[in-house]
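[1] sequence first, predicted model second:
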Amino acid sequence: LHMSSSKPLFEGFLNNQEDEGRPDWINEDDLMQRAGEEIEAQMYQTPKAQPKQGKEREAYPWSKQWYAVGLSDCMNKKEPTGFTLLGMRLVLWWDPTTIPTTPGGVRGSWRCVVDSCPHRRAPLSEGSITPKGHI
């Protein structure tokens, strides 16, 4: 599809001098190029992969599994610990404020999140743990 074939679609818009909503800075060639690119992008999208016939192995969901990352007796409850698992930087810390899930259980639990501050992208593992259990 060439851009010239989409030109009739926009000629009415471009030739309409009564349209007060159209900015004065619109360049016809620029508009036609953008319209052509959008139409071509819609027409020539990469086809979706078709499922193959027969038995095919699905990829194993490594990121949806539980992994042991440390022994609780060896971990320091006073400071966050950074580590890498499956190529992802994570931080592990002790949150003393969590309520026990079982009667008579110990207050507090280990927490794990991505090792990056959402505001400044600084490593959380280089921070400290507040009395409320925040890092």
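    Happy to help now that I have it. Numbers count the residues shown, from 1 in each chain.
[2] buried ones in the lengthiest strand in the chain, by neighbour count?
    As assigned by DSSP state E, the longest strand anywhere in the chain is strand 88-95. Across strand 88-95, burial judged by 16 or more other Cβ atoms under 10 Å covers 90-95. C-beta coordinates here come from the backbone N, C-alpha and C atoms, glycine included.
[3] do the same with stretch 103-119
    Of all the residues in stretch 103-119, those buried under the rule 16+ other Cβ under 10 Å are 111, 115.
[4] and that stretch, how far apart are its ends?
    Terminal residues of stretch 103-119 lie 37 Å apart, using Cα to Cα, to the nearest Å.
[5] if we can go back for a sec, CA atoms only for the longest strand of the chain, dumped as CSV, please.
    Extracted as CSV, the C-alpha positions of strand 88-95 are listed here (Å, rounded to 0.1, in the frame of the first residue of the first chain):
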residue,chain,number,x,y,z
MET,A,88,16.9,-10.7,38.9
ARG,A,89,18.3,-8.6,41.7
LEU,A,90,16.2,-9.2,44.9
VAL,A,91,16.4,-8.0,48.5
LEU,A,92,15.5,-10.1,51.6
TRP,A,93,14.8,-8.6,55.0
TRP,A,94,13.2,-9.4,58.3
ASP,A,95,9.9,-7.5,59.0
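[6] next SSE after it?
    strand 109-114 (DSSP states H and E).
[7] in a helix, Ser72, correct?
    No. Ser72: not assigned to a helix; according to DSSP: H, G, I helix; E, B strand; the rest coil it is coil.
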